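*Asks:* pasting the sequence and the predicted coordinates here, then a few questions.
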Amino acid sequence: MKRFFIVILLTAFAGSAMAQSPAAREKIESARIALISERLGLKPEQAEKFWPVYREFVNKRNDLRKEFRTQRGAVDIATATEEQKQRLIELRLELKQQELDLEKDYSSRLLNIISSQQILQLRKAEADFTRILLDRIQQQQRQRLQRDQLRDRRRNNIQRDRNNGN
């Protein structure tokens with residue numbers, strides 16, 4: 001039943017994901033929390049300790065990824081010098097190492113709160129959530145495209161009928 005609820009949450013919020021409004025982000029975050037909590041089987045006392053540490057980890061990891069996107073966005077690969085491209089490669093490797101170090105640090109901190117089995121389940125739950133969310137977004141994009149195509153065909157048919165005097 002919980003799994004059904006999580007899928008419903010993701011379906012409802014996937015369309016909002018593209019808008020990236022604060023409300024949409026909160027809904028997606030709620031769905032992520034529900035999925036992870038369910039997959040890990042967190043006890044209330046574990047959840048109370050787990051979520052602050054996990055949120056801190058996710059925020060720091062996101063900061064590292066944002067830093068690379070910012071640096072990459074500042075360089076036009078098509079016109080960049082070889083030196084700029086090399087610096088970008090080095091920066092990416094450096095940030096990946098920092099991300100790995102961050103994961104090691106937080107994994108050891110989380111081991112004081114949850115079991116090693118739960119940490120392994122956490123990694124899978126994170127990947128599954130991302131996959132499910134992306135699948136839902138793609139599905140909604142396909143549905144939107146199909147609706148747009150149907151609307152355009154109807155408009156074209158109406159216009160054609162008007163032009164033919166019907």
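*Replies:* Everything's here; your move.

*Asks:* only C-alpha atoms from now on, for both contacts and neighbour counts.
*Replies:* Will do.

*Asks:* could you say what helices and strands the helix or strand that contains Leu134 packs with?
*Replies:* Assessed by DSSP states H and E, Leu134 sits inside helix 116-163. Helices and strands touching helix 116-163, by 3 or more Cα pairs under 8 Å, 6 or more residues apart in numbering; DSSP states H and E, are helix 2-19, helix 22-40.

*Asks:* weakest of those helices by average pLDDT?
*Replies:* Here the lowest mean pLDDT among the helices and strands packed on helix 116-163 goes to helix 2-19, at a mean of 48.

*Asks:* that older thread, return the distance of the helix holding Leu134 from the chain's centre.
*Replies:* A distance of 15 Å separates the centroid of the chain from that of helix 116-163, by Cα atoms, centre = their mean, to the nearest Å.

*Asks:* repeat that for stretch 54-66.
*Replies:* Worked out by Cα atoms, centre = their mean, stretch 54-66 lies 13 Å from the chain centre.

*Asks:* then stretch 83-99?
*Replies:* Centroid displacement of stretch 83-99 relative to its chain, using Cα atoms, centre = their mean, is 23 Å.

*Asks:* good, we can wrap up now.
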